[in-house]
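Asker: Return atomic coordinates for the entry below.
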Amino acid sequence: MTPRKYNSSPQDLTSSVVSGVLVIDKPVGITSHDVVQIVRRGTGIRRAGHTGTLDPRASGVLVVLIGPAVRLSEFVSASDKRYQATLRLGTATDTYDAEGTVTQTTSPEDITEEQFEEALKQFVGEIEQVPPPYSAVKVKGRKAYELSRKGQKVELPPRKINVYSLELLEWVPPEAVVDVYCSSGTYVRSLAHDVGKVLGCGAHLVELRRTKSGQFTLRDAVPLRKLRDAFLTGDWYKYLIPAAEALDWPSKVLNSDEVEMVRFGRRLPADPETETHNGMIRAITEQGDLVALLRLEKNEDGTAEWQPAKVFFQS
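Answerer: The predicted structure follows:
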C-alpha cells in the first residue's frame, strides 16, 4: 500500500495542528538526531522525533513523526525492519563495524558460499542476541558505548529478537551482501560479528542500508537533500504522510457522533471477533484523519467495547 500524502499546505488542513509522518532516506555521515534537528528547523515544529536510530555510517529509511503524531512513537518504533548489510569476513573488531579496533584476523579464503549460507541459517527465528559493547544500551544508567570508550569492560545481557529471514544477495569474498528481515531491537552489527564467530574467521559490518521500517520502504522515502530544498521553497508538506497512515493496523471509520464519543473517552460497542493488531485498531474520521487508537475490551457477558487508548483528534 502506498501511503497517501497531503496535497495542500498544512495551513489548509482541517486540523489546526500539523501532525504526520516524514519518511526520509538518511544519508551516511550524520546521526538520526541530526535529521530530526533539520526537520524541526525546516518545519518550524519543535515536536518531532525519529522512530528507530540509524548509526551515522548507516543510510536508508528513517521515519520521523511530527506534531501530535509523536505519540505514536512507541508503536511505530516496535515495527519490523529490513536491511541490506555488507559483511567482511576475516576481521573482527571491538565495535563490530569498520570503525573499531581489530581484535581478530583470520584468512577466510577457505570459507565457501555454502558454508556461509549454512552459518546464516543458525540465526533465523527467535534467537538471543547480545548487543554490541559500543551501543546505546544502558548499563546502570550509563550508555554502553560511553563505558566502552573509557576502557571499561561491558557485559550486556542477551535479548530475544526475531530474525524472519537472512538471504544472501551477493557473494564476493571476503565480502557478502545479506538481506536482513528482523524485529525491532535487532543489531545487525551483532549478527555480523556472530556469523564470523560461527565461521571461525571473524567478521564485521562494513555497510548498512535500511530498506524498510514498518510499512514504509525506500519507495516512500524522500532523500534528505530534496527535503531540505523543499523546506527552502516552503512546499515540504507534499512529503508529509497523514498520522493515520503511520501504522499498518486494521481501522474503523467513525461517524461524527462516534468521533465525539471517543474524543471524550467514551467507549464504543465492538464485535469481539473483530480483527485487531495485538488487541488494538486505528479509529479514523470519514475524511481519513486519525481520531484515536482503540483497545478491544472483552466483558464477562461476552460483549466487547472499544476503549480509547490514545486520542488525537481535536475538532
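Asker: hmm, which helix or strand of the protein has the shakiest average pLDDT?
Answerer: Every helix and strand of the chain was ranked by mean pLDDT, DSSP states H and E. The lowest is helix 144-149, at a mean of 53.
Asker: That one: what's the following helix or strand?
Answerer: Next helix or strand after helix 144-149 toward the C-terminus (DSSP states H and E): strand 159-172.
Asker: List the pairing partners of that following strand within its sheet, with orientation.
Answerer: Sheet pairing for strand 159-172, assigned by DSSP bridges, gives strand 125-129 (antiparallel), strand 175-182 (antiparallel).
Asker: Reduced to three states, what does residue 74 come out as?
Answerer: helix (DSSP: H, G, I helix; E, B strand; the rest coil).
Asker: And it, how close does it get to residue 231?
Answerer: Taking CB to CB, to the nearest Å as the measure, residue 74 falls 28 Å from residue 231. (Each C-beta comes from the backbone N, C-alpha and C, glycine too.)
Asker: Compare neighbour counts for the two and give me the winner.
Answerer: residue 231 (15 against 10; other CB atoms under 10 Å).
Asker: Which of the helices or strands spans that one?
Answerer: Applying DSSP H and E as the criterion places residue 231 in helix 224-233.
Asker: roughly how far out does that helix sit from the chain middle?
Answerer: Relative to its parent chain, helix 224-233 has a centroid offset of 23 Å by CA atoms, centre = their mean, to the nearest Å.
Asker: Equivalent analysis for stretch 224-241, please.
Answerer: Here stretch 224-241 is found 21 Å from its chain centre; the criterion is CA atoms, centre = their mean.
Asker: mean confidence score for stretch 100-110?
Answerer: For stretch 100-110, the per-residue pLDDT values average out at 92.
Asker: Quick check: end-to-end length of that stretch?
Answerer: By CA to CA, to the nearest Å, the extent of stretch 100-110 from end to end equals 25 Å.
Asker: closest one to residue 225 among the strands paired with strand 159-172?
Answerer: Of all the strands paired with strand 159-172, it is strand 175-182 that lies closest to residue 225, at 25.0 Å by CB to CB.
Asker: Now do the helix or strand just after the closest one: everything it contacts.
Answerer: Later in the chain than strand 175-182, the nearest helix or strand by DSSP H and E is helix 188-199. For helix 188-199, the external contacting residues (CB atoms under 8 Å, 6 or more residues apart in numbering) are 83, 85, 87, 89, 92, 95-97, 104, 108, 111, 115-116, 119-120, 122-123, 129-132, 163, 166, 180, 182, 202-205, 208.
Asker: Can you pick out the ones from those that are in helices?
Answerer: Counting by DSSP state H, the contacts of helix 188-199 place 115, 116, 119, 120 in helices.
Asker: okay but residue 17 is in contact with residue 67, surely?
Answerer: Yes. With contact defined as CB atoms under 8 Å, residue 17 counts as touching residue 67 (5.7 Å).
Asker: With neighbour numbers in mind, choose between the two.
Answerer: Applying other CB under 10 Å to residue 17 and residue 67 shows that residue 67 carries more neighbours, namely 21 against 14.
Asker: what's across from residue 311 in the sheet?
Answerer: Per DSSP bridges, the residues bridged to residue 311 are residue 292.
Asker: And it, what's its pLDDT?
Answerer: Looking at residue 311, its pLDDT is 94.
Asker: ok so, going back, minimum distance to residue 245: which of the strands paired with strand 159-172 has it?
Answerer: The nearest among the strands paired with strand 159-172, by CB to CB, is strand 175-182 at 21.6 Å.
Asker: Give me the number of neighbouring residues for the closest residue to residue 66 other than its chain neighbours.
Answerer: Closest residue in space to residue 66, ignoring its immediate chain neighbours: residue 48 at 4.5 Å, by CB to CB, 6 or more residues apart in numbering. Neighbour count of residue 48, defined by other CB under 10 Å: 21.
Asker: how much space between residue 48 and residue 189?
Answerer: According to CB to CB, residue 48 and residue 189 sit 27 Å apart.
Asker: List the buried residues for stretch 103-120?
Answerer: 104, 106, 108, 111, 116, 119, 120 (16 or more other CB atoms under 10 Å).
Asker: actually stretch 230-241, sorry about that
Answerer: 230, 236, 237, 239, 240, 241.
Asker: try stretch 244-251
Answerer: Buried, per 16+ other CB under 10 Å, within stretch 244-251: 244, 245, 246, 247, 249, 251.
Asker: residues contacting the closest residue to residue 163 other than its chain neighbours?
Answerer: Of all residues not flanking residue 163 in the chain, residue 182 sits nearest, at 4.8 Å (CB to CB, 6+ apart). Residues in contact with residue 182 (CB under 8 Å, 6+ apart) are 80, 81, 82, 83, 161, 162, 163, 164, 188.
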